[in-house]
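**Student:** Attaching a predicted model along with its sequence, questions to come.
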Amino acid sequence: MRSAGVRRAGVLALGAVIGAVGFASAASAHVTVSPTSAPQGGYTVITFRVPTESATASTTKLDVYLDMTHPVASVNVQQVPGWTATVKQQKLPTPIKDDDGNTVTSAAGEIVWTANSAASAIHPGQFQQFPVQLGPLPANTSSMAFKALQTYSDGSIVRWIDTPVAGQPEPDHPTPILTLTKAGTDGTASAPGASAGVTVAAPAPAAAAKPNNTWGIVGALLGLIGALLGGLAYARSRNTGPQG
């Protein structure tokens, strides 16, 4: 009887472990921007990371909308094999200056990446990265939001447009946000081979890593499974040991 109870407890515990893995994977499978911060007034390279959450459909298109209340004079996309990128310009109500002092009357308002074929789409269990060079970053705001629409091969669209609020739980579909820091306060390094004036954020220290990263989850789960198996072995040894 005790052995059967231990087995039932083991099954329940393993079910909880599997459920925790599933929840953690779903919670972290967001469209995000990396790095998460850059200095005001400079040029930088950011990367939109797009995972496919669906188990049956592939990601075929990504629309990213730039904040036109804080426009950026120069936006350049890096070619992604198998995808076509289109940068759509919008007329500015108030002209801005580029870093050379030239007047800019229109700026990029939307970037659309479209898969060239089903083979190059982002399949279930995969992700793709879309790099963008932009600047000068606005100096009159502390952040830039990039609302994004993710289109799947089955026609469904996931809208990453919810603005996170400090002190509140993260929304289901948070907008990717780039935090802008005062020039000189954010660690930056020159990008190898990059043109003059272009910077990328330096790697974050290990202590700043999020506690729910994949390897941390795996390590914790392996520890839990090890403890569970040890408990089962102990219970079995008690049931099969010498009887007084």
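**Tutor:** That came in fine, so what should we check first?

**Student:** list the contacts for the closest residue to Val77 other than its chain neighbours?
**Tutor:** Nearest residue to Val77, sequence neighbours excluded (C-beta to C-beta, 6 or more residues apart in numbering): Ala85, at 4.4 Å. Just so you know, the C-beta spots here come from the backbone N, C-alpha and C atoms, and that holds for glycine as well. Residues near Ala85 by C-beta atoms under 8 Å, 6 or more residues apart in numbering: 77, 79, 111-113, 130.

**Student:** Which stretches in the chain count as strands?
**Tutor:** Taking DSSP state E, the strands of the chain run over residues 32-34, 37-39, 43-51, 59-65, 74-77, 83-97, 103-115, 127-135, 143-145, 147-152, 157-160, 177-181, 188-190, 198-201.

**Student:** out of those, nearest to Gln168?
**Tutor:** With distances scored as C-beta to C-beta, the stretch of these nearest to Gln168 is strand 177-181 (14.2 Å).

**Student:** What residues sit buried inside that closest one?
**Tutor:** 177-178, 180-181 (16 or more other C-beta atoms under 10 Å).

**Student:** And for stretch 85-103?
**Tutor:** By 16+ other C-beta under 10 Å, the buried positions in stretch 85-103 come out as 85, 92, 96.

**Student:** measure the residue nearest to Asp63 when sequence neighbours are not counted to Gln133 for me?
**Tutor:** Excluding the flanking residues, the one nearest Asp63 by C-beta to C-beta, 6+ apart is Leu149, at 4.2 Å. Distance, Leu149 to Gln133, using C-beta to C-beta, to the nearest Å: 22 Å.

**Student:** pLDDT weak spots in this structure?
**Tutor:** Applying pLDDT under 70 to the chain flags residues 1-28, 185-244.
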